[in-house]
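Visitor: Model the structure of this input:
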Amino acid sequence: MSPVTHLLASWIIAAKTTDNPRDCRLVTLAGVLPDVDGLGLLVDGAKSLTGPGDDYYYYSIYHHWLLHGLFGSLLTAGLLTCFARRRWRVLLLALMVFHLHLLCDLVGARGPTPYDLWPIYYLGPFSRHWTFVWHGQWPLNGWINRVITVVLFFIALWMASRREDSVVGVFNRRVDRVFLGVLHKWRLALTSPSRTEPNPVHNPGTPRGSQTEGLAPESKPVQTRELSDMEKADQKLAPLVVKPKNDVPPNNLLP
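Guide: Presented below is the predicted three-dimensional model:
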């Protein structure tokens, strides 16, 4: 698969299984470093610029032969463990993501033709025994690899928006801080509800600028008038008035 795909997959695993940025970077690099044996592509490209021919000798001979095997996994994991804080954890995780790289190349690294298969020489560069090849291998630039890369990309973005580091920090921590600042702003803009103030309600019967403008009709203050002295006296005497239980008409009263 593409080195970008390996990078994203390794960082997602490292971010979930390590507890400090240094070990996260080391485990991520363990999933990418197997492709160092493909740097012969640069030599072949330089040769093609200086002379005729398109024979990529170094890339086709040494890629998947030098470091895509047991020797490469032990060498890579051993070197990275020397710089780790939790060495045993980094050693095991580095071996795991390294072999995940081999598995991904085994299933999705085919060339343009159905017969252009990339084998895994597990005992290389010392022996061709334990050579693995899968005839159902899909193309390196096929749609399956593209879909996997896009899915991993969005998963890495989602994880980085909730962390203090991202896959960018594997290469440069200063650039990673800038990237995280932009990413967190995007997340807040997408998740925070929009704050809009309601328009004030204006009643036709209320003049503009009055204290009751903008209030609903039921929330307006109730206007009261001052009671007279006679009405106040009636309110004081009201509890003292006792009504008879049976109202008898006056004409039926006994003499």
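
Visitor: who touches the residue nearest to residue 21 when sequence neighbours are not counted in this structure?
Guide: Distances taken as Cβ to Cβ, 6 or more residues apart in numbering place residue 165 nearest to residue 21, at 5.3 Å, with adjacent residues excluded. Placement of C-beta: from N, CA and C, glycine included. Contact partners of residue 165, counting by Cβ atoms under 8 Å, 6 or more residues apart in numbering, are 15, 21, 24, 173, 176, 180.

Visitor: which of those residues has the most neighbours?
Guide: The most neighbours of any of the contacts of residue 165, using other Cβ atoms under 10 Å, belong to residue 24, which has 25 neighbours.

Visitor: tell me the secondary structure for that one?
Guide: helix (DSSP: H, G, I helix; E, B strand; the rest coil).

Visitor: now residue 166: how far from residue 191?
Guide: Using Cβ to Cβ, to the nearest Å, residue 166 is found at 18 Å from residue 191.

Visitor: Which one's more surrounded, these two?
Guide: Of the pair residue 166 and residue 191, residue 166 is the one with more neighbours under other Cβ under 10 Å, namely 20 against 8.

Visitor: Can you tell me how far that one is from residue 84?
Guide: According to Cβ to Cβ, residue 166 stands 20 Å off from residue 84.

Visitor: ditto for residue 3
Guide: With Cβ to Cβ as the criterion, residue 3 and residue 84 are 22 Å apart.

Visitor: more neighbours, those two?
Guide: Counted by other Cβ under 10 Å, residue 3 and residue 84 do not tie: residue 84 has more neighbours, with 21 against 13.

Visitor: which stretches of the stretch 151-255 of the chain have low pLDDT?
Guide: Low-confidence segments of the stretch 151-255 of the chain, defined by pLDDT under 70: 193-255.

Visitor: ok so, going back, the residue nearest to residue 21 falls within a helix, correct?
Guide: No - looking at residue 165 with three-state DSSP, it is coil, so not inside a helix.

Visitor: Now, the contacts of residue 165 that are in helices?
Guide: Using DSSP state H, the subset of the contacts of residue 165 located in helices is 15, 21, 24, 173, 176, 180.

Visitor: now for the top helix by length along the chain, which elements pack on it?
Guide: Using DSSP H to assign secondary structure, the helix with the most residues in the chain is helix 87-107. Counting contacts by 3 or more Cβ pairs under 8 Å, 6 or more residues apart in numbering; DSSP states H and E, helix 87-107 is packed against helix 3-17, helix 21-30, helix 70-81, strand 120-121.

Visitor: would you turn those into a markdown table with mean pLDDT and distance to residue 153?
Guide: Output for those, formatted as a markdown table (pLDDT from 0 to 100; distance: least, Cβ to Cβ, whole Å):
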| stretch | mean pLDDT | distance to residue 153 |
| --- | --- | --- |
| helix 3-17 | 97 | 6 |
| helix 21-30 | 97 | 15 |
| helix 70-81 | 97 | 24 |
| strand 120-121 | 95 | 26 |
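
Visitor: Deepest-packed of these, please.
Guide: helix 21-30 (a mean of 24; mean count of other Cβ atoms under 10 Å).
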